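1. okay, structure incoming, though there's no sequence with it:
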């Protein structure tokens, strides 16, 4: 995740960590269907307001928000790209099951514990 979000000089990764962590915690898990924010707190955080008022009373806040918006969107895009890549790689080795209900098969009992007297 960091590799796709940091600059070519690799010196800005510390400033990107909060946005990446926020994006990961906000992303909905494929297996649970919930985000980490929701599972930990029971609610989703309020949406951040990116469109600041036109007044230039606090220009450094506007610059910071623009920088954070860019970092969050980059982290979100990287999460989506990683998810697609992982899905493609996982599906390369998946095959349809050749067995149907009623087929007899051998199984390894190496990691199965049976009650005493059964096999």
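-> That came in fine, so what should we check first? Just so it is clear, the structure is predicted and the values come from calculations on it, not from any experiment. Numbering: from 1, shown residues only.

2. what residues sit buried inside the helix-or-strand element of the chain with minimal mean pLDDT?
-> Scoring the helices and strands of the chain by mean pLDDT, DSSP states H and E places helix 2-5 at the bottom, with a mean of 74. Of the residues in helix 2-5, those scored as buried under the neighbour-count criterion (16 or more other Cβ atoms under 10 Å) are residue 5. Just so you know, the C-beta spots here come from the backbone N, C-alpha and C atoms, and that holds for glycine as well.

3. and whichever helix or strand comes after that helix, what other elements does it pack with?
-> Where DSSP states H and E defines the elements, the next helix or strand beyond helix 2-5 is helix 13-26. Counting by 3 or more Cβ pairs under 8 Å, 6 or more residues apart in numbering; DSSP states H and E, the packing neighbours recorded for helix 13-26 are helix 2-5, helix 36-41, helix 59-92.

4. would TSV of these with distance to residue 115 be doable?
-> As requested, the helices and strands packed on helix 13-26 are arranged in TSV below (distance: least, Cβ to Cβ, whole Å):
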stretch	distance to residue 115
helix 2-5	50
helix 36-41	37
helix 59-92	36
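
5. please name the nearest non-neighbouring residue to residue 105.
-> In space, residue 105 comes closest to residue 99 once its chain neighbours are excluded; the distance is 6.5 Å by Cβ to Cβ, 6 or more residues apart in numbering.

6. give me the neighbour count for that neighbour.
-> Counted by other Cβ atoms under 10 Å, the residues lying close to residue 99 total 9.

7. same check, this time on residue 37
-> Here the neighbour count serves as a burial measure; for residue 37 (other Cβ under 10 Å) it reads 17.

8. residue contacts, the spatially closest residue to it that is not a sequence neighbour?
-> For residue 37, ignoring the flanking residues on the chain, the nearest one in space by Cβ to Cβ, 6+ apart is residue 25 at 5.1 Å. Contacts were defined as Cβ atoms under 8 Å, 6 or more residues apart in numbering; by that measure residue 25 touches 35-37, 40.

9. good, we can wrap up now.
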